[in-house]
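In: here is the input, now give the coordinates:
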Amino acid sequence: MKALVTGGGGFLGKAIVRLLRARGDVVRSFSRTPHPELAALGVEHCCGELHDPTAVAAAVAGCDIVYHVAAKAGIWGPYAEFYQANVIGTQNVIAACRRHGVRRLVYTSSPSVVFDGSDMEGVDESVPYPQHFHAPYPQTKAEAEILVLRSNGPELATVALRPHLIWGPEDNHLVPRILARGRQGALRRIGTRPCLVDTIYIDNAAAAHLLAADTLAIGSQVAGRAYFLSQGEPIPLWEMVNRILAAGGLAPVTRTISPGLAYAIGWTLEKSYAALRISSEPRLTRFVARELSTAHWFDISAARRDFGYHPEVSLDAGMERLQTWLAR
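Out: Sure, this is the predicted structure:
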């Protein structure tokens, strides 16, 4: 097999690349800049932007399968930038697959595509997209997911995977943000409810992508469907935050503010940053305030049933590995 991994140098992309190489697949990575650590694994690299159809087509050419992992993530920024990377970029990937006869496309989505700001407890993939999104990232990821699923057909089999809150060694997003805020003493628990959330350890998320890909075929049971992915063991949100802080040798979060106050602060900061044209990310937004004060955990029985997903690395084992990595 020859696989293309868009965003192969990123946190999840790199983990997928390693698994593919470990089993002997030929791998090409597509990203904006080269990654020497991938070259050391024998990975071919193509440089380019997702919004450039020529660059994307060149990367897809000659491949048997595409893992479309790359995206613009974040909680703040102009909608147009998210749209260009996440929607236009996905359109380019789909078009390139069709142009070059690629038969399988695995798309990395997000549970945020169905988040409506309220508690989501044990929901499955039948939950609809919300009428309103609270940030450009989930909105554009939802638009891209719809494009991918609608592209499933007699010439191209597609599947969308929704891993929730990926974490582990080499994380360059969730873990470092929590640790940085913890060192600054800037974390506040929002509300007092023990809201349960799902997470997923990096190795489990990567393995799920390969399992789904190996099951994916034109007309297969996974083709044209979306799947939630997680550890399958929901944990109170602030307990998870405190465990990550502990893995980094930091004290737990003890101070609390109300959800209403957090939302008001987020609204004020968003308006102020927009009015002053500040490009950096606000310390808090309305989207984050709602994410941190609601439950969001998901039924992963469909992934277990349809492509044999099982989280091999437990939460406790993953935390031990994270602590070891952070202590290096």
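
In: in the stretch 1-150 of the chain, which spans are helices?
Out: Applying DSSP state H, counting those that start in this stretch to the stretch 1-150 of the chain gives helices spanning 11-22, 36-39, 53-60, 79-82, 89-99, 136-150.

In: what about those, which gets the closest to A205?
Out: A205 lies closest to helix 11-22 among the helices of the stretch 1-150 of the chain, at 5.9 Å (Cβ to Cβ). Just so you know, the C-beta spots here come from the backbone N, C-alpha and C atoms, and that holds for glycine as well.

In: the nearest residue to A57 once chain neighbours are set aside and V102, how far apart?
Out: Among residues not flanking A57 along the chain, A96 sits closest, at 4.3 Å (Cβ to Cβ, 6 or more residues apart in numbering). Per Cβ to Cβ, to the nearest Å, A96 is found 8 Å from V102.

In: need the overlap of contacts for the two.
Out: V60, V66 (Cβ atoms under 8 Å, 6 or more residues apart in numbering).

In: quick one: the residue nearest to A57 from Y67, how far?
Out: 13 Å.

In: how about L211?
Out: From L211 to Y67 the distance is 12 Å (Cβ to Cβ).

In: which one of these two is surrounded by more residues?
Out: Using other Cβ atoms under 10 Å, the more surrounded residue of L211 and Y67 is Y67, with 30 against 19.

In: list the helices and strands the lowest-mean-pLDDT helix or strand in the chain packs on?
Out: Using mean pLDDT, DSSP states H and E, helix 286-291 stands out as the lowest-scoring helix or strand of the chain, at a mean of 82. When contacts are defined as 3 or more Cβ pairs under 8 Å, 6 or more residues apart in numbering; DSSP states H and E, helix 286-291 packs onto helix 259-276.

In: what comes up buried for the helix it packs on?
Out: P259, A262, Y263, I265, G266, L269, E270, Y273 (16 or more other Cβ atoms under 10 Å).

In: rounded mean pLDDT for it, please.
Out: Mean per-residue pLDDT for helix 259-276: 86.

In: same deal with stretch 132-139?
Out: 90.

In: what about L12, distance to L229?
Out: Taking Cβ to Cβ, one finds L12 at 11 Å from L229.

In: ok, F30 next?
Out: For F30 relative to L229 (Cβ to Cβ), the value is 23 Å.

In: which residues are contacting stretch 54-64?
Out: So stretch 54-64 is contacted by 1-4, 6, 28, 30, 46-50, 66, 89, 92-93, 95-97, 99-100, 102-104 (Cβ under 8 Å, 6+ apart).

In: just the buried subset of these, please.
Out: 3-4, 6, 28, 30, 46, 48-50, 66, 89, 92-93, 96-97, 100, 102, 104.

In: closest to the centroid, which residue in the protein?
Out: Geometric centre of the chain, nearest residue: S110, 5.3 Å, by Cα atoms, centre = their mean.

In: list the contacts of that one.
Out: Y137, P138, K141, R162, P163, H164.

In: try it again at 6 Å.
Out: K141, R162 (Cβ atoms under 6 Å, 6 or more residues apart in numbering).

In: dihedrals phi and psi, it?
Out: phi -160, psi 140 (degrees, to the nearest 10).

In: and the pLDDT at it?
Out: Reported pLDDT for S110: 96.

In: isn't D306 right up against G224?
Out: No. Between D306 and G224 there is no contact under Cβ atoms under 6 Å: 11.8 Å.

In: what pairs with the residue lying closest to L292 once chain neighbours are set aside across the strands?
Out: Leaving aside its chain neighbours, L292 sits nearest to I190 (4.6 Å; criterion: Cβ to Cβ, 6+ apart). The partner list for I190 in beta bridges (DSSP bridges) reads I257.

In: pLDDT at I190, what is it?
Out: The predicted local confidence for I190 is 88.

In: what's it in contact with, if anything?
Out: P259, A262, L292, S293.

In: mind running it again at 10 Å?
Out: 237-238, 253, 256-263, 284, 288-294 (Cβ atoms under 10 Å, 6 or more residues apart in numbering).

In: give me the number of residues near the closest residue to I16 other than its chain neighbours?
Out: Taking Cβ to Cβ, 6+ apart, and ignoring the residues beside it in sequence, I16 has A206 as its nearest neighbour in space, at 4.8 Å. A206: 26 surrounding residues under other Cβ under 10 Å.

In: R32 too?
Out: Quick note: R32 (other Cβ under 10 Å) scores 12 neighbours.

In: and the helix or strand that contains L245, what does it pack against?
Out: Element membership for L245, per DSSP states H and E: helix 237-247. The contact analysis (3 or more Cβ pairs under 10 Å, 6 or more residues apart in numbering; DSSP states H and E) places helix 237-247 against strand 166-167, helix 174-184, strand 189-190, strand 196-197, strand 235-236, helix 315-326.
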